[in-house]
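Asker: okay, here's the prediction I keep looking at, along with the sequence it came from:
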Amino acid sequence: MAIINVEDARKAARRKLPRIFFDYIDGGSFSETTLCANEADFARYELRQRVLVDVRERDLSTTFLGKAHALPFALGPVGFTGLFWRSGELAAAAAAERAGIPFSLSNFAIATIGEIRQKSAGPLYAQLYVLRDRSLMEALIEDAERHGVEALILTVDTAVTGVRERDERNGFRSLDRITPRLALQFARRPRWCAAVLSAGFPQVGIARGRPQFGSGALAQAGNLARQIEQGLTWDDLAWLRERWRGRLAVKGILCAEDARRAVGSGADAIIVSNHGGRQLDGAPSTISVLPEIAASIGNEVEVLFDGGVRRGTQIVKALALGAHGVFLGRAYVYGLAADGERGVSRVIELLAAEVSITMALMGVRSFSELRQGGSALLRQSLGTGSGGM
Ligand code: FNR
């Protein structure tokens, strides 16, 4: 079936992946209320249609984290992507480079920063958690510096891991060997097995050569999650700020108070994010808090955004409400699981076309016009979205 939107890519991913991995990507924590709200709440805003504007020339380029990019979005950090497609991180990074947008490498990726850099010269961000083992963090920071990473993304919303019930059922993060049930799931996806398992079960990049994390990404997933520092505080942000001279974005901000505190602690950007509804279930959708956070920060630092983005219209709404750039999560990973690098390129191309058409029909030709127009380009809708506005 042809992929003509992100939902098609999602369906294709479901057909290609063993259930344990599709559910890991697709699911959220507990009742998945926040996961659903992220997507649904975009409908709280309608787009104002403006006509008789010459829109022959449109410019989708945007500047964030110190560089101009061809499109107003980037690929965000997603763990274990090398399990969803062979060398998945390299495939996604290549697609991002071709499209002229940044790629973010998760702390829990299968590929290492060095491997990405060998294959791709595109803008690269590295995501870090605060890990209990500070010497490991220091080694990762040095790695990022050595490989010319352009920004570090410190994810701060994961002091404890949210319970994702689909993962509980499938045993993701609790299996350290392939059980008969899992073997059956794998047997139903022979092409995935042949591609991803042909050289043995993939290992998480930062766990390679560190036997304390176990062997095989499944065992490592659980052990690494336990490495995340539960006692992380603002002092840890200051600790990182002292050691990293490049750009620093703090990911997982959901209220104006924390946004201000992150700015005060030296962040160059904040990322409004609830981890795609995978952490605090019941937290507000990201689009619903974006306006107040953007207003509280003004132009002091950049406001970046993620959560629930499956359509170009949603990217346009986030930009109009104050985001300087948007990160894709599941949207690109569905494309990756469906068709590797080609699938990621397809998702990027579809979203770029959707953004371009949407802006044209709104009579907007560039990101600066979109920012200037701001929320006046939108209209609050009656009676839609999870908040019942
Ligand atoms: C994530 N996310 C994430 N974030 C992070 O900082 N480090 C990580 O390792 C991961 N891993 C991860 C795995 C999977 C499968 C998903 C779906 C998400 C969160 C991610 O960066 C982003 O915040 C959300 O994905 C955004 O929501 P949408 O766009 O996926 O709805």
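Answerer: Thanks, I have it. Numbering: from 1, shown residues only.
Asker: which residues touch the residue of the chain found nearest the ligand?
Answerer: Residue of the chain nearest the ligand, by C-beta to the nearest ligand atom: residue 329 (2.1 Å). (Glycine included, C-beta is placed from N, CA and C.) Taking C-beta atoms under 8 Å, 6 or more residues apart in numbering, we find residue 329 in contact with 76, 78, 276, 306, 307, 309.
Asker: again, but for residue 151
Answerer: 65, 66, 125, 126, 246, 247, 248, 249, 268, 269.
Asker: show me just the buried residues among those.
Answerer: Using 16 or more other C-beta atoms under 10 Å as the burial test, those include 65, 125, 126, 246, 247, 248, 249, 268, 269 as buried.
Asker: was I right to think the last one contacts residue 74?
Answerer: No - in terms of C-beta atoms under 8 Å, residue 269 does not count as a neighbour of residue 74; the distance is 11.5 Å.
Asker: which neighbours do the two share?
Answerer: Common neighbours of residue 269 and residue 74 (C-beta under 8 Å, 6+ apart) are residue 64.
Asker: which residues touch residue 250?
Answerer: Here residue 250 is in contact with 153, 154, 156, 237, 262, 265, 267, 269, 270, 271 (C-beta under 8 Å, 6+ apart).
Asker: among those, which one has the most neighbours?
Answerer: Neighbour count (other C-beta atoms under 10 Å) singles out residue 271 as the most crowded of the contacts of residue 250, with 31 neighbours.
Asker: for the stretch 251-389 of the chain, which residues are neighbours of the ligand?
Answerer: 251, 273, 275-276, 278, 306-309, 328-331 (C-beta under 6 Å from any ligand atom).
Asker: want to throw these into JSON lines with pLDDT?
Answerer: As requested, those are exported to JSON lines (pLDDT from 0 to 100):
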{"residue": "251", "pLDDT": "98"}
{"residue": "273", "pLDDT": "99"}
{"residue": "275", "pLDDT": "98"}
{"residue": "276", "pLDDT": "98"}
{"residue": "278", "pLDDT": "98"}
{"residue": "306", "pLDDT": "99"}
{"residue": "307", "pLDDT": "98"}
{"residue": "308", "pLDDT": "98"}
{"residue": "309", "pLDDT": "99"}
{"residue": "328", "pLDDT": "99"}
{"residue": "329", "pLDDT": "98"}
{"residue": "330", "pLDDT": "98"}
{"residue": "331", "pLDDT": "99"}
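Asker: please spell out the PyMOL selection for the buried subset of the residues you listed.
Answerer: Restricted to buried positions by 16+ other C-beta under 10 Å, the PyMOL selection for those reads:
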select buried, resi 251+273+275+276+278+306+307+308+309+328+329+330+331
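Asker: give me the below-cutoff pLDDT ranges for the stretch 251-389 of the chain.
Answerer: Per-residue confidence for the stretch 251-389 of the chain (pLDDT under 70) gives these ranges: 383-389.
Asker: identify the bridge partners of residue 305.
Answerer: For residue 305, the beta-bridge partners under DSSP bridges are residue 272, residue 326.
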